[in-house]
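Q: test case, fold it:
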Amino acid sequence: MKKINFTKRSLESLPVPEKGRVRYYDTKTPGLTLRITPTGTKTFRLYRKVNGKPLDITLGRFPAMTVEQARREAQKLLGEIAEGKNPVKEKRRRQAEALTLREAVEEYRNTRPLSARSLKDLEASMRYGWGDWIDKPILSLTPEMVLRRYRQLCERGTSGAAASLWMRNLRAVLNFAANRHRWEDGTPLLLYNPVQILSDTRAWKRPQRRQRYIKPHELPAFWQALDEINPHHAALFRFQLLTGLRPSEAARLRWQDVELKAGTFILPETKAHRPHTLPLSDYLMDLLKSLLPADWEYVFADDRGRIPTNFRYSREKIARLVGIEFSPYDLRRTFATIAESLDIPAYALKRLLNHSMTGDVTAGYIIADVERLREPMQRITDFILKAAGVRDTATITPLQRKEG
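A: Numbers count the residues shown, from 1 in each chain. Sure, this is the predicted structure:
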């Protein structure tokens, strides 16, 4: 054991070991040491045995931390040890108590594999939902604060769906932090997620599910109006209508994921968190071939190679021309409604729409080969094209929305 009186000059003059680490002990403060590595790094540490177990605590680096500061910190920790406390556990407890919502969000964002859409929603949640809480310790957030904020958001004109999304994101962040940071006995940092109050008091606003879709008698005018808008948007809308894809998934379709020879395409990343492969009907094959040669990575990219996102003017123009108001998601709803009217088997329709089979025991035994989806996909295409006046075959029957 090497003991010296710690002074600025004595520590500066200590030699750097060629290999291994060397530790020096202060003659004035019990347990205060200086560890030197072969790189020349000098670190103050407190070394004591507590209940027969070694306790080695980093205090700071020399010379950024002075000898006087190191001695004061060591004396403070020795006092805690004398009181029966464990300084390491106490430090962890203080860090846990001080964990802010900002720090929790950063950990959540950097650790979880979030999609671009999820990241965007998280940013919106912070900006519009609870951004003023961002520097508060998460342990200071109470159920009453959450309930009051949620009601305020709904009362000031924010849609129930948006307010609920923002609070669900807060719940996810807090759940993540609670399990990532635990108390010494292993219990989660948060024993009760304050957002849970919205469920316990049945305060969540029930979203009104949209029912809008394009009816068969509207398809001729709608299809013709597509010829009058941005051609990139027109091709994308037709593709969505004939595949039932979610808008963001269709817009992000890449040429490298299209197999024209096999008559299929794949979506590597989807809302369902699993790859989704679908067959191409004859019209869809022709539509994609008409977009060749591929100048950009994305199939429906604009003239500058960007993913299309703003459809406002195209939608407004169609509304002016033929009086049909719609959203890109209405095209998916139209596809599903038509498929249902054609008595497409329920499992096939779920596979086409990439809906979850969770909880469906029978579905777990069914392996839906992509070729088995080709016939129902073609039937839906034939129906839509017939209804739109593009094709002469296929029998058109009125769509009946099923109740319940």
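
Q: so which residues of the stretch 251-400 of the chain form helices?
A: 282-290, 312-322, 328-341, 346-353, 374-387 (DSSP state H, counting those that start in this stretch).

Q: residue 205: which of those helices is closest?
A: helix 328-341 (19.6 Å; Cβ to Cβ). C-betas here are computed from N, CA, C, even on glycine.

Q: my guess is residue 321 meets residue 227, correct?
A: No: contact criterion Cβ atoms under 8 Å: residue 321 and residue 227 do not qualify, at 10.0 Å.

Q: which of those two has more residues huddled nearby?
A: Using other Cβ atoms under 10 Å as the criterion, residue 321 and residue 227 rank with residue 321 on top: 15 against 8.

Q: quick one, what contacts the closest residue to residue 221 other than its chain neighbours?
A: Leaving aside its chain neighbours, residue 221 sits nearest to residue 322 (3.9 Å; criterion: Cβ to Cβ, 6 or more residues apart in numbering). Contacts here follow Cβ atoms under 8 Å, 6 or more residues apart in numbering; on that basis residue 322 touches 218, 221, 222, 224, 225.

Q: check the gap between residue 322 and residue 219 for me.
A: Distance of residue 322 to residue 219, given as Cβ to Cβ, to the nearest Å: 10 Å.

Q: so what does the worst-scoring helix or strand of the chain on mean pLDDT touch, helix or strand wise?
A: Lowest mean confidence among the helices and strands of the chain (mean pLDDT, DSSP states H and E): helix 87-98, at a mean of 76. Applying 3 or more Cβ pairs under 8 Å, 6 or more residues apart in numbering; DSSP states H and E, we find helix 87-98 packed against strand 53-62, helix 67-82.

Q: now the shortest one against helix 67-82, angle please.
A: In terms of direction (axes from the mean of the first three to the mean of the last three Cα atoms, to 10 degrees), strand 53-62 departs from helix 67-82 by 160 degrees.

Q: elements contacting strand 53-62?
A: Using 3+ Cβ pairs under 8 Å, 6+ apart: strand 53-62 touches strand 42-50, helix 67-82, helix 87-98.

Q: out of the contacts of residue 322, which are buried?
A: 218, 221, 222, 225 (16 or more other Cβ atoms under 10 Å).

Q: out of these, which are inside helices?
A: 221, 222, 225 (DSSP state H).

Q: among those, which one sits closest to residue 109?
A: For these, the residue nearest residue 109 by Cβ to Cβ is residue 222; the value is 40.3 Å.

Q: which pLDDT does the model give the closest one?
A: Here the pLDDT value assigned to residue 222 is 97.

Q: from residue 183, how far off is it?
A: Distance of residue 222 to residue 183, given as Cβ to Cβ: 59 Å.

Q: same check, this time on residue 214
A: Distance, residue 214 to residue 183, by Cβ to Cβ: 56 Å.

Q: give me the more crowded residue out of those two.
A: Counted by other Cβ under 10 Å, residue 214 and residue 183 do not tie: residue 214 has more neighbours, with 23 against 13.

Q: show me the domain layout of this protein.
A: Per the record's domain assignment (automatic domain parsing), the chain is made up of the domains 2-87, 101-200, 216-387.

Q: let's test this: mean pLDDT of the second one, rounded?
A: When pLDDT is averaged over domain 101-200, the result is 92.

Q: for the longest helix anywhere in the chain, name the packing helices and strands.
A: Longest helix of the chain, by residue count under DSSP H: helix 160-180. Packing partners of helix 160-180 (3+ Cβ pairs under 8 Å, 6+ apart): helix 101-111, helix 116-124, helix 143-155.
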